[in-house]
Structures are given as structure tokens and as C-alpha cells.
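Trainee: Return a 3D structure for these sequence lines:
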Amino acid sequence: MQNPININITGIQHIGIPVTNIQNSQAFYMRLGFANVMEAGFGPAGERGTCIMMKRGDMVIELYQLPEKDLTEIRSRKNGHIDHIAFDVPDIDAAYTTLKEAGLNIIESEPVFLNFWNRGCKYFNITGPDGERLEFNQML
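Mentor: Prediction:
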């Protein structure tokens, strides 16, 4: 095993998600309680993409839409990309009910128990506008 690199990492700064419709994705994350705290264009003139930083508490999610000519890159990405983002919740059943009543696409038919951690956990996933998976998790 190689020696660890001595670098002072203090936390996750943000998680980036490529999206195909920045307005739809922003509206989706706003429904989950995130707020747009920064928006900027990037790339050369005439081929600009858009980046929006969505924040809730200490969590920051970067939504970015590439210029139209580059959208096929987003759709073709597979390996090396984040499989899901997991959010802690204090009551998994209440979270499940709330998101189901809101009409969001829930993958599991009910929260699933896993024998993880000291006493287990329960989780379920929803999908966002571009198929990104968002997990809601309660450590028991």
C-alpha cells in the first residue's frame, strides 16, 4: 500500500451533476429544499454552458449544462461517474411518504433495511430529471 498523501481535506466542497435541462433540474432540486446560490456561464462565447450551485444547509450540488453540441457527452458517460448521492434523514418513513405524496419517482416500493453500521440502516432512492439517483438514508 502506498503512503497517504499529506493534504488537508476538510470536507466535500460540492457534488457536480451534468444535466440536459438546467431549468428543470433547478426546479427539481428547489422542491427538495435547495436554493440557487450562484449561477454563471462558462466556455467560449457562442458555446457557453451554464452552472448553478444549489445549496441546502452545508450541502452544495453543482448542476451544469454543457452547450448543446456537447450534450451527447453527458448522455454517453457511464464509468467513473457518481452512482448516487445519499442524504441523511432522521425519519426514513416520513421522508418516503413526503416524497411519494409529492409525486417524485421512487425506485423502491418501501424503505429497504440493510445490516450496515451498528444497528442497520434503511434507505430508498428517487431519480432526478436526468436519471441521477438520490438516496435517502436513516442510520438506525
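Trainee: Which strand residues bridge residue 62?
Mentor: residue 16, residue 53 (DSSP bridges).
Trainee: pretty sure it is in contact with residue 17, am I right?
Mentor: Yes: counting by CB atoms under 8 Å, residue 17 is a contact partner of residue 62 at 6.9 Å. Bear in mind the C-beta positions are built from the backbone N, C-alpha and C, glycine included.
Trainee: More neighbours: which of those two?
Mentor: residue 17 (21 against 16; other CB atoms under 10 Å).
Trainee: OK, contacts around that one?
Mentor: Neighbouring residues of residue 17 by CB atoms under 8 Å, 6 or more residues apart in numbering: 25, 61, 62, 63, 64, 82, 128, 130, 132.
Trainee: Need the worst-confidence member of those residues.
Mentor: Within these, pLDDT reaches its minimum at residue 82, with 69.
Trainee: Give me the domain ranges for this protein.
Mentor: As assigned by automatic domain parsing, the chain contains the domains 13-75, 82-140.
Trainee: From the chain's centroid, how far away is the last one?
Mentor: If I follow you right, that is domain 82-140. 12 Å (CA atoms, centre = their mean, to the nearest Å).
Trainee: got it, and stretch 51-66?
Mentor: 9 Å.
Trainee: Could you give me the buried positions within it?
Mentor: 51, 52, 53, 54, 55, 60, 61, 62, 63, 64, 65, 66 (16 or more other CB atoms under 10 Å).
Trainee: before we move on, what about stretch 88-107?
Mentor: Within stretch 88-107, the residues scored as buried using 16+ other CB under 10 Å are 89, 92, 95, 96, 99, 106.
Trainee: Done for today, thanks.
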